[in-house]
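Participant: Predicted model follows, preceded by the sequence.
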Amino acid sequence: MIGSTLLERRSRPERIADQAWRHLTSAVNSAGDSVRDTARSARRNGLTFADDAGDLVGTAAEEARRRAVRAFDALAGRRPALPWALLVGAALAGAAIGWAAGSAARAVAARGDREAEDIEFVDVDRPNSPASLDT
């Protein structure tokens, strides 16, 4: 009770200063919370960005290493090895395409033979034709 009467007896500028102090501390506390949250999210985003950059750098490093080895082999006079996996894959793909084309050709030929049996040829006599085909 004594404390409440003391607060009421303060002058108007003291009450305004006290209210301003409370608003300031509240704003600083909320700003600190938002800065803390922003720092946490920035740290998370930074870690993700760093991981992505690390993956990209790792990939680029592997490519650079592979190219350096190839360049060293070329300077040493060694020929690159044949890409057997690529050659075998291309041969298998060619065989599959050839098999599919052959099957399609046989199917068309079989269908064409059946349609050829249904065709009737008719001998037409043309009376006004310049060349006589009946002779």
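Facilitator: Noted; the coordinates are in hand. Residues are numbered from 1 along each chain as shown.

Participant: Regarding this protein, what is its longest helix?
Facilitator: Ranked by residue count under DSSP state H, the longest helix found in the chain is helix 12-75.

Participant: Run the chain-centre distance for that one.
Facilitator: The chain centre lies 26 Å from the centre of helix 12-75; the measure is C-alpha atoms, centre = their mean, to the nearest Å.

Participant: could you point out which element follows it?
Facilitator: Toward the C-terminal end, the helix or strand that comes next after helix 12-75 (DSSP states H and E) is helix 84-117.

Participant: domain ranges for this protein?
Facilitator: The domain map for the chain lists 1-80, 83-116, with the assignment taken from automatic domain parsing.

Participant: Mean pLDDT and mean neighbour count added to those domains, as CSV?
Facilitator: From N, CA and C alone the C-beta is placed, and that goes for glycine too. Shown next, in CSV, are the domains of the chain (pLDDT from 0 to 100; neighbours: other C-beta atoms under 10 Å):
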stretch, mean pLDDT, mean neighbour count
domain 1-80, 77, 10
domain 83-116, 86, 10
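
Participant: Ramachandran angles for P83?
Facilitator: As for P83, its main-chain torsions (degrees, to the nearest 10) stand at phi -80, psi 80.

Participant: List the contacts of it.
Facilitator: Residues near P83 by C-beta atoms under 8 Å, 6 or more residues apart in numbering: none.
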